[in-house]
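Asker: generate coordinates for the sequence data below:
(chains A and B)
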Number of protein chains: 2
Amino acid sequence: MESQEPNVTSSTSMPLMYSNRMMLKTILESSDGEMGLIGKTVVVGGWVKSSKEVKKDPVPSPPAAADAFPVSQRPKDVTCVEILQSRIPFFRTIIRVLGGSASSPAVREKLESLIPKPPPPSTFFLQINDGSCLSSLQVVIDSAKAPVSAGQILPTGTCILAEGVLEKPSAHGKRTIELKVEKVLHVGTVEQDKYPLSRKRLPLDSLRDYAHIRPRTTTVASVTRIRSTLDFATHTFFQNHGFLLVQLPIITTTDSEGFSEKFLVTTLLGKTSKEEPVGVSDADGVSLETVKASIKDKSSLFEQLKRSDSDKELLAAALQDLRKTNELARQIEAREKSKPVTAVKHDLVNLNEDFFGRPSYLTVSGRLHLESYACSLGNVYSFGPRFRADKTVSAKHAAEMWTVEVEMAFSQLEDAMKYAENYLKFLCSWILDNCSEDMKFLSKRVDKTVTHHLEYLTLCSYDKISYREAVEILRKVNLYNMYFLYLCPANISTISLATSVRKSFDFILQHQVTDKAFETQLRWGVPLTAEHLSYLADDHYKKPVIIYDYPKAVKPFYVRLNDDEKTVAAFEMVVPKIGTLITGSQNEERFDMLNTRIKEFDLSRDQYEWYLDLRRHGTVQHSGFSLQFDLMVLLTTGLTDVRDVIPFPRSHGKANN
Amino acid sequence: MESQEPNVTSSTSMPLMYSNRMMLKTILESSDGEMGLIGKTVVVGGWVKSSKEVKKDPVPSPPAAADAFPVSQRPKDVTCVEILQSRIPFFRTIIRVLGGSASSPAVREKLESLIPKPPPPSTFFLQINDGSCLSSLQVVIDSAKAPVSAGQILPTGTCILAEGVLEKPSAHGKRTIELKVEKVLHVGTVEQDKYPLSRKRLPLDSLRDYAHIRPRTTTVASVTRIRSTLDFATHTFFQNHGFLLVQLPIITTTDSEGFSEKFLVTTLLGKTSKEEPVGVSDADGVSLETVKASIKDKSSLFEQLKRSDSDKELLAAALQDLRKTNELARQIEAREKSKPVTAVKHDLVNLNEDFFGRPSYLTVSGRLHLESYACSLGNVYSFGPRFRADKTVSAKHAAEMWTVEVEMAFSQLEDAMKYAENYLKFLCSWILDNCSEDMKFLSKRVDKTVTHHLEYLTLCSYDKISYREAVEILRKVNLYNMYFLYLCPANISTISLATSVRKSFDFILQHQVTDKAFETQLRWGVPLTAEHLSYLADDHYKKPVIIYDYPKAVKPFYVRLNDDEKTVAAFEMVVPKIGTLITGSQNEERFDMLNTRIKEFDLSRDQYEWYLDLRRHGTVQHSGFSLQFDLMVLLTTGLTDVRDVIPFPRSHGKANN
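Answerer: Prediction:
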């Protein structure tokens, strides 16, 4: 084998990392209290979280600093000083031009003012983080040893790879270990004026526009670690319980629910290619700037001609020319505008001529497909993205969300409810066990109660109530609830108490009407809204509550009809602060009943033939549930908007990369 | 809490399973040689793989069989005999109608011939499987104890849930345990004439049309278990190595490669709703059959009128009526034809008015997005579906395929190659350790060499050669290779040897030309084809081979340019029988260079601004790779077509559910 290295040599001589870069987690969270590592030479890499420079007394012979390192080891990224030093002959030339030889005292003075003195040597203290854990490692660089400048190395976000010795910090403090750098192997600088994270502690919603950079913030890095841990916990839980993972299709021709807006997948609409710009062919090849400059020139010429009382014909010609140029500018502008309009002309798009020979969509839910595996292999689960083309912007929904789906043969609604509870408890305790550092940070910065909340979720028992019971509770608390929700906000000041009381009276006056209207809304059969669910979980039970046996009209066609023929065997697990985290059901295993339900929902029977087959041949009672994974990450991190926990969130009008 | 059970009672009295159904894996693969379970009462469920009935001597009092069980325990699904017995009064009535009292000897004879005798008691031996492991459990049902009929219970695919005692089989054999059934809790019958799996050992390609039923076959069940295990092995490997999982978006507005056909995601094209049928509004509500019948009537009336020399006016009116009806039929036929044409009229579809405000696609690769996390958090991986709208049908590609993507900051090409090799070796040994039963089955039924192949892959070292070396090897073996590939197939018979020799001479004659043509193709700079790669891995090295440093034109824009400025730091791992399993690269970390490459590929710079940001701020050397997960399942199972290992495969013209 020919040696690989010559072909991949980089601008900095970097050793191969797989073998010898040490993750900061290993250094900072090592079980022997870090002490085993003191004195070891290691390579570490990361991005600067914060930094400071401590200036030393100037050293008399500045070039020595750079020369202390052999040329081969010196990084390509050179300091400002080095650049200026290398241009000394150029400065000399300037001085010569300015008049006088370089040796005259006046010139020497000028020369000295032009060539900046090399900065006095400094010690740089960098806190660097490599994403492997929450904590940062202090990296100490002596500028006399490593030829890097403050401008290069201090800004937040700078990437650094360095070799050095792990030592005990000289100053007393929380830190028990730091790296004394011997060689800087790589510096990736930051364009500070353009760097979105230069300002410290940007609010999360401003960070959403920088989905590609925001994992460098401590919060999003913590969220990423927790999300990754939750993912592994999910696989561990189900694999340990003998479940098989089934990767379900994203593209589907089956409508899994019958009531969600879907994305169509197509190859029938294409971009118009670059070679065929829309319209205005004679305006090609000229930039708008050129034409606009030309208009300016021509306008001033025309004005000049007008003022100078020129020949009428000449004036008319100039005017016409100006108009033509204006028209050209208009055309180019129109073309520029229409350019991003990637468009296709089709009088009639026949979706049966599309890639899959029929209309196909992004899946809304994988449960129907998963059932076919449960009805063959027993206990199965899936984990993948699901899609809804919902235009309403909400903190709890995005167009693309990951979902854990579970299906169990030989099981009933009660089984699904039990499993859902156990799974949630497992996730909470797994996070408490494996992400304690991140949880501490989030409890400090995001939500003080989040760790306690998780602990409570692993311990408490989840109440189960029927939909009918839920409606009854809500009707009883209606008046009380309305009052406190709308009239007694927590931030009410004592000064405005009088106003508040006045308002309360007004409200109670109105309320005679409002309450009745509300009560009508809260009759048996209506879907429960987020507000209702929040009351039940956050205020009434103050813990997760499972609501089951929903009216058949509010749940999909496939949910098993109960013996009362009014309700279906569906449940929702509602969690404080989150709302509905898990939805589940026992699905209809009786062929005739399922057939009837498909008719009742007025769905096309054709697309469900395969699904009916599962009842036609060896049918089995089965139940399952799905957990909204992104909401689970919210629950665990204490954040409130899914767009802050999804790596690249997609919502109406937002898909920037 | 109100009791849940009354609302979810099923037609059969089934206990809650989560607590007490025992998975067959637990029984059949228990570590104490199954002996600890003998004598235990358990509930098991599964689908019948095979069955037989052994008839006993008839018992004199048949009703006793059914009566042996209290009514409450008897399943709702009743035997044929029971139905007939319950209709005795009806038969009596018939006999009375036939003339004669039930007591007369002639009538009694007739009666006896009409009422079938209950079948003699049998013992049913069922091999049932629940998907948890390869083996089936023998379930023994005494029809005298459990009122089930052979027709119900014996067909392959029947679902059964039963309670019984685990016993040692009476007959000597391989089996060490079986279930003596005491209660049949549920039977899900099979419609045998419609059941796709009634015929034994269907070829895999015929099974593809039954993606929802085929996991009931032993092969697809094995594949599913192995696929699930490979998935968990992947997470285990990367999580144990400190990698973070990042769930990347499926919907993207960034073209990750610049040379793949993509699926557009849109909400601009909708189905025409049922309420707005295309065209011909006056033909609504009348079925084609009715109109055709009417035409027949009207035609015969018209003929009658013509023959009877009727009034001209009357004749003209009848003719006009007939024509009108014909036109109506034509219109209805046209409407029926156009009905499945789910269509939209748009002169110009502006993709900037689409859901995300710009054209958006299904992702082809997640590596660019993953890089942004690697350039913040170090070592990351992703696992998800990726899409190509490729119309060519191939055993190695589908429109939707799962991919494992890995990205490491502070790393170079060599690191990615090492990690790829270690990951592949880990997967192979994990499967050997955890799926030995399934591997035995696949080695027996699918590919005799598959287990040995996996063992070899864990042990051998993978050769690394540059693209240049690969081309040189291929040019040398060209002639030899061509001869053996095309003229000496393994299945050549000695009889046709003469013909073969003759053909060989012909070939060599032609070959003077062909070889040159082939050599021209095999110059430096051309992409290597599947045939070339297969030769290198299957014939030349006979093990995985890693080819690196490809010509820059054949790899995507983001791959790092080597110092020779001709090649880029990309690699492919080619595995015998599979072809390219892993592709990887060190990606360009230099801002200017990346910018130049984007221009060279004539890509729109706008969409890569975010990607360039990663080089603008704190850039870092990084490398990574992606593994085609579906091909990995092929490698592990010995199967040859990805459509047999993807749960619901999607390819051109194929997306049935």
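
Asker: make it CA atoms for all contacts and neighbour counts henceforth
Answerer: Noted.

Asker: so where is the stretch 1-150 of chain A shaky, pLDDT-wise?
Answerer: Applying pLDDT under 70 to the stretch 1-150 of chain A flags residues A:1-19, A:30-35, A:58-119.

Asker: so what's residue A:254 up against?
Answerer: Residue A:254 makes contacts with A:607, A:608, B:657, as judged by CA atoms under 8 Å, 6 or more residues apart in numbering or on different chains.

Asker: any of those residues buried? List them.
Answerer: Neighbour-count burial (16 or more other CA atoms under 10 Å in any protein chain shown) is assigned, among those, to A:608, B:657.

Asker: so can I have TSV of the contacts of residue A:254 showing secondary structure and pLDDT?
Answerer: Shown next, in TSV, are these (DSSP: H, G, I helix; E, B strand; the rest coil; pLDDT from 0 to 100):
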residue	secondary structure	pLDDT
A:607	helix	86
A:608	helix	92
B:657	coil	88
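
Asker: I'd like the contacts of residue A:254 as a markdown table, with distance to residue B:636 appended.
Answerer: Listed next are these as a markdown table, based on distance: CA to CA, whole Å:
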| residue | distance to residue B:636 |
| --- | --- |
| A:607 | 34 |
| A:608 | 33 |
| B:657 | 27 |
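
Asker: and the contacts of residue A:254, which is closest to residue B:596?
Answerer: Distances from residue B:596 to the contacts of residue A:254, taken as CA to CA, are shortest for residue B:657 (44.8 Å).

Asker: for chain A, longest helix please?
Answerer: helix A:312-338 (DSSP state H).

Asker: and it, what other elements does it pack with?
Answerer: Other helices and strands packing on helix A:312-338, by 3 or more CA pairs under 8 Å, 6 or more residues apart in numbering or on different chains; DSSP states H and E, are helix A:288-307.

Asker: and the angle from the helix it packs on to helix A:312-338?
Answerer: 160 degrees (axes from the mean of the first three to the mean of the last three CA atoms, to 10 degrees).

Asker: show me what counts as buried in helix A:288-307.
Answerer: Buried, per 16+ other CA under 10 Å, within helix A:288-307: A:288, A:291, A:294, A:295, A:298, A:299, A:301, A:302, A:305.

Asker: what of stretch A:388-395?
Answerer: A:388, A:389, A:390.

Asker: next one: residue A:143 from residue A:167, what distance?
Answerer: With distances taken as CA to CA, to the nearest Å, residue A:143 is found 18 Å from residue A:167.

Asker: what's the answer for residue A:523, then?
Answerer: Distance from residue A:523 to residue A:167, by CA to CA: 70 Å.

Asker: same check, this time on residue A:370
Answerer: 55 Å.

Asker: which of these two has more neighbours?
Answerer: Higher neighbour count among residue A:370 and residue A:167: residue A:370, with 26 against 17, using other CA atoms under 10 Å in any protein chain shown.

Asker: is it true that residue A:179 lies in a helix?
Answerer: No - the assignment for residue A:179 (DSSP: H, G, I helix; E, B strand; the rest coil) gives strand, which keeps it out of a helix.

Asker: ok, now which ones touch it?
Answerer: A:137, A:138, A:139, A:140, A:164, A:165, A:166, A:167.

Asker: let's go with 10 Å and repeat that
Answerer: When contacts are counted by CA atoms under 10 Å, 6 or more residues apart in numbering or on different chains, residue A:179 is found next to A:38-44, A:125-126, A:137-141, A:162-169.

Asker: what about residue A:43, which helix or strand?
Answerer: In this assignment (DSSP states H and E), residue A:43 forms part of strand A:41-55.

Asker: helices or strands up against that strand?
Answerer: Using 3 or more CA pairs under 10 Å, 6 or more residues apart in numbering or on different chains; DSSP states H and E, the elements in contact with strand A:41-55 are helix A:17-20, helix A:24-28, strand A:122-129, strand A:137-142, helix A:150-153, strand A:159-167, strand A:178-188, helix B:367-377.

Asker: winner for burial among the ones you listed?
Answerer: The highest mean neighbour count among these, using mean count of other CA atoms under 10 Å in any protein chain shown, belongs to helix B:367-377: a mean of 27.

Asker: how far does it sit from the chain's center?
Answerer: 31 Å (CA atoms, centre = their mean, to the nearest Å).

Asker: next: stretch A:161-176.
Answerer: For stretch A:161-176, the distance to the chain centre is 33 Å (CA atoms, centre = their mean).
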